[in-house]
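Student: what follows is a predicted structure for the sequence shown.
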Amino acid sequence: MQCSVIIPAYNSAAFLPQALDSLLSQTMDDFEVVIVNDGSTDNTQEIIDAYCARDARIRCFSQENAGVSAARNRALLEANGDYVTFLDADDYYAPDTLAAFCKKAKETGADLILGRLCMVAQGKPPYFHDAADVLVREETIDTFDKRLLWNFLVSNKCYRRAFLLEHGVQFPATGFSEEGAFFMDAVFAGATMAGAADSVVYYRRHTEEEGLSVSQTASEKNLRSLDGSMRRIYASAEQALREAARQDDDYLQEILYKHLHILQSQFYRALWRMTDDALALCASQMETLLQRLTDAKRDAIQRANADLRLPDLAKTKTEAASRPQAIFFVTRFCSKEAAAALFAQTCPLFQLVLTETAAKDLPPALLALPNVQIGGPDAANGAPVLRFASLPALDPALLQTLLRFPVPKTALAAKGLDLLLKRRHSA
């Protein structure tokens, strides 16, 4: 058998049919699907049973909930294919993907094939992952190519199964960025690599309306798990460099930079969804990493995230509210949807000021946040004030984008909002 496709499934009823339909539509027939139902409590098992009855290539194993890593490791032991891929239950393949993976693996003899990755999200245009698209054009890829550090997602990879078993490569039980740890374990074990430009994996980014995935949750648990995964990658890189008799401090710096990038992009920028304990832990981890970076790396990440005012990190939400980069002042109407879109801003350092009229339809929990006040923007502290009669549903990148331009922000608001706002407005 050429290929085994491994799918961990936990309460995946909403998306699993699309994943399985994409497999049954593959132009290559010689593959199997190994699903591990990881203790689902919805009707995931009913869907799996229906597909197993429909196609003998689909097999299922069930276990009590033990996490995605345990599910993937279990399936890897049950797999029979020469090659193995890992498809999440909410992702899906283009019709030629498996054929492209296997063709490239046979042509090159590589242990690891990298494919294209198309990012999809409800209500947003799809786009290809830039870092993955660069590597798929390569016939050979060096173990210490820094671009690999920006390709942690598991879904667009195809592995020679014998290589994984020979080197004991398994998913760690870290719970966050375990995909990156697995991938880099294979890389540091000496996997030969090549790209398959004809393969496309569609990776779903969940919206808040759909319910954020576990990996999109800014929790203390995920912060500690990320720290464990990245420490593992750093230690493995040090060992691999020693074994190769290479000294590459810049490569090790790139790992620290990547860790800090994840912290600021997926956690600190989501501080309004965090507890104060999680925010304090996030700020502490970021400060430690900033201290370990060289001056050049530190300057680079500070320039790329100027709106966050690194390294002056807020450790509580009250502290974050006291240093706004902008004030949104709404005088007439603010819907729950518009407020939710505002709090999804990638730059979280803002205040929302509402008149009593504008605040009347908002939930008490939102009004109790430290960066929300009723009245007028009396103490702006030099921050620009963006005034609205009715707050529209803002694009999540609006504030971060506005802050990049060296002109008065109130002028930008007047000139640029039509380009940056979504074309859906509140009543």
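Tutor: Alright, I've got the coordinates.
Student: that's a helix at L386, yeah?
Tutor: No. Counting by DSSP: H, G, I helix; E, B strand; the rest coil, L386 falls outside a helix, being strand.
Student: is it true that it touches Q325?
Tutor: No. L386 lies out of contact with Q325 (C-beta atoms under 8 Å); the separation is 10.9 Å. C-beta coordinates here come from the backbone N, C-alpha and C atoms, glycine included.
Student: for the protein, give me the ranges with low pLDDT.
Tutor: For the chain, the stretches with pLDDT under 70 are 207-216, 378-382, 406-427.
Student: just the strands in it please.
Tutor: 3-9, 31-38, 58-63, 83-86, 92-93, 112-121, 124-128, 157-160, 193-204, 326-333, 350-354, 372-374, 385-390 (DSSP state E).
Student: would you check how far apart Y202 and Y93 are?
Tutor: 7 Å (C-beta to C-beta, to the nearest Å).
Student: list residues touching both of these two?
Tutor: Residues touching both Y202 and Y93 by C-beta atoms under 8 Å, 6 or more residues apart in numbering: S22.
Student: domain map for this structure?
Tutor: Listed domain ranges for the chain are 3-204, 217-308, 317-420 (source: automatic domain parsing).
Student: most tightly surrounded among the ones you listed?
Tutor: domain 3-204 (a mean of 19; mean count of other C-beta atoms under 10 Å).
Student: how far off centre is that domain?
Tutor: Centroid separation between domain 3-204 and its chain, computed with C-alpha atoms, centre = their mean, to the nearest Å, is 16 Å.
Student: now swap in stretch 236-246 and tell me
Tutor: 28 Å.
Student: residues contacting it, please?
Tutor: By C-beta under 8 Å, 6+ apart, stretch 236-246 touches T143, F144, M184, D185, F188, Q247, D248, Y251, L252, I255.
Student: how about the second one: what's its closest non-neighbour residue?
Tutor: In space, and not counting its chain neighbours, F144 is closest to Y251: 5.2 Å by C-beta to C-beta, 6 or more residues apart in numbering.
Student: correct me, but that neighbour touches K146?
Tutor: Yes. Counting by C-beta under 8 Å, K146 is a contact partner of Y251 at 6.1 Å.
Student: so how far is F188 from the residue nearest to F144?
Tutor: 11 Å.
Student: likewise for Y268?
Tutor: For Y268 relative to F188 (C-beta to C-beta), the value is 29 Å.
Student: do the same with Y257
Tutor: Where F188 is concerned, Y257 sits at a distance of 18 Å (C-beta to C-beta).
Student: equivalent analysis for F388, please.
Tutor: Distance from F388 to F188, by C-beta to C-beta: 52 Å.
Student: again with R231
Tutor: The value you get for R231 to F188, if C-beta to C-beta is used, is 14 Å.
Student: kindly report the same for L263.
Tutor: Taken as C-beta to C-beta, the span from L263 to F188 is 23 Å.
Student: contact partners for E178?
Tutor: Contacts of E178 by C-beta under 8 Å, 6+ apart are V68, S69, F171, P172, S225, S229.
Student: include distance to P125 when you put those residues into a markdown table, please.
Tutor: A markdown table is the format used below for these (distance: C-beta to C-beta, whole Å):
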| residue | distance to P125 |
| --- | --- |
| V68 | 28 |
| S69 | 32 |
| F171 | 32 |
| P172 | 34 |
| S225 | 31 |
| S229 | 30 |
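Student: mind checking which of those residues land in helices?
Tutor: The helices, defined by DSSP state H, take in V68, S69, S225, S229 from these.
Student: nearest residue to the second one other than its sequence neighbours?
Tutor: Distance criterion C-beta to C-beta, 6+ apart; nearest residue to S69, sequence neighbours excluded, is F171 at 3.7 Å.
Student: who touches the one you found in this structure?
Tutor: By C-beta under 8 Å, 6+ apart, F171 lies in contact with V68, S69, A70, R72, N73, E178, E179, A181, F182.
Student: can you list the residues you listed in a markdown table and add distance to I48?
Tutor: Formatted as a markdown table, those follow (distance: C-beta to C-beta, whole Å):
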| residue | distance to I48 |
| --- | --- |
| V68 | 16 |
| S69 | 20 |
| A70 | 18 |
| R72 | 16 |
| N73 | 19 |
| E178 | 23 |
| E179 | 23 |
| A181 | 28 |
| F182 | 24 |
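Student: now render the strands of the chain as TSV, adding distance to L342.
Tutor: Shown next, in TSV, are those (distance: least, C-beta to C-beta, whole Å):
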stretch	distance to L342
strand 3-9	35
strand 31-38	36
strand 58-63	42
strand 83-86	36
strand 92-93	32
strand 112-121	19
strand 124-128	18
strand 157-160	37
strand 193-204	24
strand 326-333	6
strand 350-354	6
strand 372-374	10
strand 385-390	10
